[in-house]
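Enquirer: I need the structure of the sequence given here:
(one chain, ligands or ions: 1)
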Amino acid sequence: MAINRETPLEISHDEFKRIGYQLIDMISYFIETIEEKPVTWGETPSQIQAILGNGALPEAGTSASQIFSRTTELLLNHSLLNGHPKFLGYVTSSAAPIGALADLLAAAINPNVGANILSPMATAIEKQTIRWLAEFIGVSPTYGGILVSGGNMANFNAFLAARTAKSPKRIKESGLVNSSPKMLIYASKATHTWIEKAAVLFGHGLNAIRWIPTDASNKMNTQLLIQAIDKDKKRGKKPFIVVGNAGDVSTGAVDNLSEIAAVCKTYELWFHIDGAYGMPAAVLPRLKDLFNGLEEADSIAIDPHKWLYAPLEVGCTLVKNPQHLLDTFSSHPTYYNFNNQFEEPALNYYEYGLQNSRGFRALKVWMALQQVGKDGYIQMINDDIELAKLLFELANRHPELEAVTHNLSITTLRYIPLGYLHDHKMDEAYLNNLNEKLLNELQHGGEVFLSNALITEKYCLRACIVNFRTSKKDIEEIVEIVVHKGREMHQKLQRNEVTEDMDKKNR
Ligand SMILES: *Cc1c(COP(=O)(O)O)cnc(C)c1O
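Expert: Alright, predicted model coming up:
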């Protein structure tokens, strides 16, 4: 081996700059022209596979610049663009451009934010980001927590902290089964599937979830919550956590948080809020009442990769008393010399969650919060909500659309053919089929991307606007597209029926 080692991974400084500048040029152009492109090309998995090819693991290397020119072609021309102004699907946001630059910088420094000693500045930045998120939603800045990969993980972390806090202390040694009467979980029917994953994965089982019915506006019925808890306690069970939704994933409804908080106080239960999607809206002064009770939560999940427009992935667990996270996750193996470096105690994030080595996902959030400030977010979140309202109003006014729900920045609606009300042949089943087919068509067509929601048995189209690029014009055009495609789909279905009828006659 030569004295000065040459490795195939190192890129010459000149090449690094050349590729880097070119890449930045391409990304800049990509963002500049994003609205002229289709939201998706609608390519099938096998088409995508054919474009990618089936090459075996390369034996020898290829130059970085060759790899980049092929990869940018693959990704820029064959991806679904959630940064497009007409992408309003699921809860996937347009990514802040500063986030892309932040991720590049974070990867270049590559701090391991599991331990302070490995990431002195990055750890401090994560800590500050978490404090800013607490300030953002208006809870005490003494809440602590950790950034994780997303909403599911943020909720899991909180769930585990709750369990540690509310179970007998010997759970750590003896395990769940031998430690406690059956521990029960209370969540409304509108709760995201993370709760089922948590119940299964953490050893409680699905039967440990008490599904509390929701009222007509999709909020947890607090009276039925109290009844369920009373009944379980009488039977010797051990209720331990209640999950409130602050923006349920389907319709954006915010539970009555202060009522749930009061119940949790009375029964000494852990009050967790799943605010993965909706919690950032608490920053709007005019919505203060809607989120009343939030500051009483023992834990809160919030997803900066949703309504704070951070690129994937980043979620956040906030815990009122972060000691519960330490009690849950901390251990001190002999092979870590993480606590003896300075006089002061070190903040080691591996002790606050499931991960050990951790990336610097805080940076993109921290930078975006500074780029636009709280005021910038207030403006963008408010605009998203106003646009969702506009969509609801336009749908309400249109003779061929039914506006179904509007909460926060989520609007649900469906296409109803003209004359439907007078035509008994078209029942609800037909409308559901029509709207499901319409949604599939829209999701592949590339003009607009919506998702779906089932609301009181109605199959609805669902627009969730966590997109700072969407404008009034987009919303007006989306209404036109939905109506146009809805008519086409209806005609198509009618023709099929006609052919079916004719087939029968001919037989
Ligand atoms: C999106 C969402 C989740 C899951 O978050 P991920 O980031 O997708 O893991 C959980 N709860 C609610 C309310 C959500 O909107």
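Enquirer: Quick one: neighbours of the residue of the stretch 151-300 of the chain found nearest the ligand, just the number.
Expert: Sorted by distance to the ligand under Cβ to the nearest ligand atom, the residues of the stretch 151-300 of the chain start with residue 151, at 2.2 Å. C-beta here means a position set from N, CA and C on the backbone, and glycine is covered the same way. Each residue near residue 151 was counted by other Cβ atoms under 10 Å, and the total is 25.
Enquirer: again with residue 131
Expert: If we define neighbours as other Cβ under 10 Å, then residue 131 has 16 of them.
Enquirer: What of the one 10 residues further on?
Expert: Here the neighbour count serves as a burial measure; for residue 141 (other Cβ under 10 Å) it reads 11.
Enquirer: show me the contacts for the closest residue to the residue of the stretch 151-300 of the chain closest to the ligand other than its chain neighbours.
Expert: Excluding its sequence neighbours, the residue lying closest to residue 151 (Cβ to Cβ, 6 or more residues apart in numbering) is residue 276, at 3.1 Å. Contacts for residue 276 were tallied using Cβ atoms under 8 Å, 6 or more residues apart in numbering; they are 91, 150-151, 154-155, 192, 247, 249, 301-303, 306, 315.
Enquirer: can you tell me which of those residues are in helices?
Expert: Helix and strand membership here follows DSSP state H; of the contacts of residue 276, those in helices are 151, 154-155, 306.
Enquirer: how about the contacts of residue 276 in TSV, adding pLDDT and distance to residue 451?
Expert: Supplementary listing: the contacts of residue 276 in TSV, determined by pLDDT from 0 to 100; distance: Cβ to Cβ, whole Å:
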residue	pLDDT	distance to residue 451
91	96	9
150	98	17
151	98	16
154	98	21
155	98	20
192	97	14
247	98	15
249	96	10
301	98	21
302	98	21
303	98	16
306	98	14
315	98	20
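Enquirer: Any chance of CSV for the ones in helices among the contacts of residue 276, columns distance to residue 320?
Expert: Below are those laid out as CSV (distance: Cβ to Cβ, whole Å):
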residue, distance to residue 320
151, 19
154, 15
155, 16
306, 22
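Enquirer: Can you tell me which of those are classed as buried?
Expert: Members of the ones in helices among the contacts of residue 276 that pass the buried threshold by neighbour count (16 or more other Cβ atoms under 10 Å) are listed as 151, 154-155, 306.
Enquirer: who does the helix or strand harbouring residue 370 touch, helix- and strand-wise?
Expert: Assigned by DSSP states H and E, residue 370 falls within helix 362-397. For helix 362-397, the elements it packs on are helix 97-109, helix 120-137, helix 304-307, strand 401-407, strand 410-415, strand 458-464, helix 472-506, judged by 3 or more Cβ pairs under 8 Å, 6 or more residues apart in numbering; DSSP states H and E.
Enquirer: hmm, try it at 6 Å
Expert: Helices and strands touching helix 362-397, by 3 or more Cβ pairs under 6 Å, 6 or more residues apart in numbering; DSSP states H and E, are helix 97-109, helix 120-137, strand 401-407, strand 410-415, helix 472-506.
Enquirer: and that helix with strand 401-407, angle?
Expert: Angular relation of helix 362-397 and strand 401-407 on a 0 to 180 degree scale: 140 degrees, by axes from the mean of the first three to the mean of the last three Cα atoms, to 10 degrees.
Enquirer: Just the mean pLDDT for helix 362-397, thanks.
Expert: This predicted structure assigns helix 362-397 an average pLDDT of 98.
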